[in-house]
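1. Predicted model and sequence follow; I will ask about them next.
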Amino acid sequence: MKLEPSRSLAEIAELIGAKAVGNPNHPISGLNEIHKVEAGDLSFVDHPKYYDKCLNSSATTILINKEVDCPPGKALLISDDPFRDYNFLVDFFMPYQPSERMISPLAAIGEGTHIQPGSFVGNHVVIGRDCLIHPNVTIYDHTIIGDRVVIHAGTVIGADAFYFKRRPEGYDKMRSCGRVVIGDDVEIGAGCTIDRGVTGDTVIGKGTKFDNQIHVGHDTVVGEHCLFAAQVGVAGVAHIEDEVILWGQVGVSKDLTIGKKAVVLAQSGVPKSLDAGETYFGYPVGEARAKMRELAYLKQIPDILERLKALEKQ
Amino acid sequence: MKLEPSRSLAEIAELIGAKAVGNPNHPISGLNEIHKVEAGDLSFVDHPKYYDKCLNSSATTILINKEVDCPPGKALLISDDPFRDYNFLVDFFMPYQPSERMISPLAAIGEGTHIQPGSFVGNHVVIGRDCLIHPNVTIYDHTIIGDRVVIHAGTVIGADAFYFKRRPEGYDKMRSCGRVVIGDDVEIGAGCTIDRGVTGDTVIGKGTKFDNQIHVGHDTVVGEHCLFAAQVGVAGVAHIEDEVILWGQVGVSKDLTIGKKAVVLAQSGVPKSLDAGETYFGYPVGEARAKMRELAYLKQIPDILERLKALEKQ
Amino acid sequence: MKLEPSRSLAEIAELIGAKAVGNPNHPISGLNEIHKVEAGDLSFVDHPKYYDKCLNSSATTILINKEVDCPPGKALLISDDPFRDYNFLVDFFMPYQPSERMISPLAAIGEGTHIQPGSFVGNHVVIGRDCLIHPNVTIYDHTIIGDRVVIHAGTVIGADAFYFKRRPEGYDKMRSCGRVVIGDDVEIGAGCTIDRGVTGDTVIGKGTKFDNQIHVGHDTVVGEHCLFAAQVGVAGVAHIEDEVILWGQVGVSKDLTIGKKAVVLAQSGVPKSLDAGETYFGYPVGEARAKMRELAYLKQIPDILERLKALEKQ
């Protein structure tokens, strides 16, 4: 998320009671998770394994639980619990605003767009022109929707990321301050759930079409003109390139890329990146014809056992 | 969909700007996709591969993108883009009517039926007697529901078919003008989605019971007294005969038949038709005991490799 | 369900027209299914296979379709159709109450709890403090929710058990009179469905976190601090112990236990109980490394066939 206007290192240090290392006027113009950082951003790190990655990232302010040397041109905030303090900042700058009406007066809805009864449109939502939002849809705060988008009934856009830190006393939730951004001419079926980004955007590219009961996790980017059949599930931080086709009940893991125009056949499970243009099948997934041949091998085992026995007799 | 009253070839030709071949008074009494046509229907074809099938079907008016000989007793409409023109006709004769109220005044709801708060009932919906529609259900326009039907919360009946034509500039949606028809004594769990037919009906036969989060695609016909466990997905244009049991998370592909009283075990994937009365398992599915034996073979491979090595040593 | 105040054998016998065997004043203080019975309960049995189990259970009143000897200290109700009569009693003592408002005036909602627009809260629901119920959630009657619980949009808590008896004329539904009980600090994603118990409680233990589109069946008990990823499905009467992790699209069958801290990898199918502390994978599931090794064996079959052929030539 962006901070507008930007804040100074000193201000942020005071808010969270952290020790500041650097110019007190050093500007902080955004809060972002390590995967999404750019210059001006504050990011956080609390595990020694990731200290270097975070210190060397584009983030210019690092919230960290160790006294380390400050990289040139950057600033540090030293805290005993960066995760807690980061969450505090998100809550402070983007507090949850309960709604009293089904359609927030703070939403901007384009001309020619129909919102059917029973649908909820949260604060600061922007919906383009000539969209059709069917009944009982829920659109969380800050969602951005393009023109000529159709969303079918019961779908939920912008729920929180499923992102928790294990503490001795239980799971501690990472606050989501990202958005869902839906391109022009997208159609989303009934009963789908698309989570917003933790700090960045979950994106559905223009012209992409979703069938019913599809789940897309936080910070996932789906390209343009993709086709997802019913009950597909895509975890967080996946990157699905343009014109990818996922058939029914396919599951896609996080932190991977599916290349342009790849096709994944029904019920397959995708644990790692897939090349563009190929057709895949299986659990875990492989190139479709090879995978089908593999499954056919199974049927040869009784014959193999017979032949082995015959050889052993000799 | 039916056209009531029927229209003349000349009227339809003028609406879409197509060239008419045949008697200008030739009657057109319905619009239907090639899978569902009967005498009186207009159907369309835009791929040479399917010209003959469409011209020889029961449809008596063919919207086609080639100058062909008109079969006797039929009429042709020649157009550069039959898909576009067909969609135009559907939109023209069955325009989308936004609703202003949760329960349309054009709906007919039987005596003794409870519609719980938060549920949406669209235009021209017919619901029988003694039904219970739990909260936050969405019933799209033109759905037909029998007597003593129970629908649990969050379920969506009658969303559009997932049916798109690839164009160079993106996917072009086929307009759905079919319905969902639900028989007497059906129970549908929470969070289900049942799409309406493209031009015909998606049918759930009487006495059938669905658990939660089930998806049924357009034009699928589910028989009587079937039992579907949670998270089952059935694609479009499938035919599930009476008393079929599908266990949890089963996926069923399109354009196939599952025979009467067949049972499909949990998580199985059904890519093609299944015989009546058998029990099936696996991905892709096979007769259950044979399939379980196949999976057991896998465990024998280390032993096979040992024995091979021993033979090779000799 | 409890009967408060308790009723006498004679009263119940008259209600259902059954023959009473035992002291007419013998007290009946609850109605419960055989899996959940305790002293004071009435339970029913209609299949000879289960007569002994029911007669010897903790239930002190047995509704049965055979004249049998009455165990000491108990009472019998003899009926031609115990299932029908049991359902009658559930309907009689816990009749369905339609709601006229989105939030029942009979619900108790704690301080600091936000119910967002479009959500339904049924009769006798109890929700603790500082909860956040997002839009378009449905909470059926009698649900109990702890403190600091978050429920995302479109989720359905407390729909009926999927539990039917096959009759010659079709499926006959077992009436659900149990509840859903959700512990403190639970978070439930969007589009989930959690069914209530048939006669007991479906429980989600404190601190447990659910992603989106998760299904949990009736009478299932999920422990504390579990993590379920999106599209997981758990059937009825399962017992998931504390700190279990289920990854995306996992399916869990009924009547089993998953031991503490077990981890089940994505898309796996769990047909029977799993030990604590292990990691599992596959369909059907096995210990993860062993299962992955098994899948790798498949690739060795072409080599095995080559070597067999070579040996046979000699």
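-> Sure thing, it's come through.

2. How far off centre is the lengthiest strand in chain A?
-> Using DSSP state E, we find that the single longest strand of chain A is strand A:2-8. Centre-to-centre, strand A:2-8 and its host chain are 24 Å apart (C-alpha atoms, centre = their mean, to the nearest Å).

3. do the same with stretch A:123-142
-> A distance of 19 Å separates the centroid of the chain from that of stretch A:123-142, by C-alpha atoms, centre = their mean.

4. In that stretch, which residues are buried?
-> A:124-128, A:131-142 (16 or more other C-beta atoms under 10 Å in any protein chain shown). For the C-beta atoms, the positions are set from N, CA and C on the backbone; glycine is no exception.

5. hmm, back to that, tell me the helix or strand right after the longest strand of chain A.
-> helix A:9-16 (DSSP states H and E).

6. Quick check: buried residues in that next one?
-> Applying 16+ other C-beta under 10 Å to helix A:9-16 flags A:9, A:12, A:13, A:16 as buried.

7. of these, list those near chain C.
-> Subset of the buried residues of helix A:9-16 in contact with chain C: empty, counting by C-beta under 8 Å from any C-beta of the partner chain.

8. which one of the residues you listed is nearest residue C:119?
-> Closest to residue C:119 out of the buried residues of helix A:9-16 is residue A:16 (33.6 Å), distances taken as C-beta to C-beta.

9. In space, what's closest to the closest one - neighbours in sequence excluded?
-> In space, residue A:16 comes closest to residue A:85 once its chain neighbours are excluded; the distance is 4.1 Å by C-beta to C-beta, 6 or more residues apart in numbering or on different chains.

10. elements contacting the host helix or strand of the one you found?
-> Assigned by DSSP H and E, residue A:85 falls within helix A:82-93. In this structure, helix A:82-93 packs against helix A:9-16, strand A:27-31, strand A:41-45, strand A:61-64, strand A:170-173, with contacts taken as 3 or more C-beta pairs under 8 Å, 6 or more residues apart in numbering or on different chains; DSSP states H and E.

11. Of all those, which one is nearest residue C:251?
-> For residue C:251, the closest of the helices and strands packed on helix A:82-93 is strand A:170-173, at 23.3 Å, according to C-beta to C-beta.

12. Could you list the alpha-carbon positions for the closest one in PDB?
-> Extracted in PDB, the C-alpha atoms of strand A:170-173 (Å, rounded to 0.1, in the frame of the first residue of the first chain):
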ATOM      1  CA  GLY A 170      -1.400 -19.700  18.000                       C
ATOM      2  CA  TYR A 171      -1.500 -18.200  14.500                       C
ATOM      3  CA  ASP A 172      -1.000 -14.500  14.100                       C
ATOM      4  CA  LYS A 173      -2.700 -13.000  11.100                       C
END
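
13. what packs against that strand?
-> Short answer (3+ C-beta pairs under 8 Å, 6+ apart): strand A:170-173 packs on helix A:82-93, strand A:164-167.

14. The same query, at a cut-off of 10 Å, please.
-> Counting contacts by 3 or more C-beta pairs under 10 Å, 6 or more residues apart in numbering or on different chains; DSSP states H and E, strand A:170-173 is packed against helix A:82-93, strand A:164-167, strand C:209-210.

15. Direction included, what does whichever helix or strand comes after it pair up with?
-> Next along the chain after strand A:170-173, taking DSSP H and E as the criterion, comes strand A:179-182. The strands beside strand A:179-182 in its sheet (DSSP bridges) come out as strand A:144-145 (parallel), strand A:201-204 (parallel).

16. now the longest one: how far from the chain's centre is it?
-> If I follow you right, that is strand A:201-204. With C-alpha atoms, centre = their mean, you get 7 Å for strand A:201-204.

17. which residues sit against that strand?
-> Identification of contacts with strand A:201-204 by C-beta atoms under 10 Å, 6 or more residues apart in numbering or on different chains yields A:36, A:142-146, A:149, A:157-158, A:161, A:176, A:178-183, A:186, A:188, A:194-197, A:210, A:216-224, A:226, A:228, A:234, A:236-237, A:239-240.

18. quick one: which of those residues sit in strands?
-> Those of those mapping onto strands are A:144-145, A:157-158, A:179-182, A:188, A:194-195, A:210, A:216, A:221-222, A:228, A:234, A:239-240, per DSSP E.

19. ok, the residue nearest to residue A:16 touching residue A:14?
-> No - Residue A:85 lies out of contact with residue A:14 (C-beta atoms under 10 Å); the separation is 11.9 Å.

20. about what we covered before: please compute how far the helix holding residue A:85 lies from its chain's middle.
-> Worked out by C-alpha atoms, centre = their mean, helix A:82-93 lies 19 Å from the chain centre.

21. quick one: average confidence on it?
-> Mean pLDDT, helix A:82-93: 96.

22. Give me the contacts around that helix.
-> A:1-4, A:7, A:12-13, A:15-18, A:28, A:31-33, A:42-47, A:54, A:62-66, A:77, A:79, A:81, A:165, A:167, A:172-177, A:198-199.

23. Not counting its neighbours along the chain, what's nearest residue A:150?
-> That would be residue A:187: by C-beta to C-beta, 6+ apart, it lies 4.4 Å from residue A:150.

24. I'd assumed residue B:160 was in contact with that neighbour.
-> Yes - when contacts are counted by C-beta under 10 Å, residue A:187 is listed as touching residue B:160 (8.1 Å).

25. Settle it for me: which of the two has more neighbours?
-> Neighbour comparison, residue A:187 and residue B:160: the larger count goes to residue B:160, with 23 against 20 (by other C-beta atoms under 10 Å in any protein chain shown).
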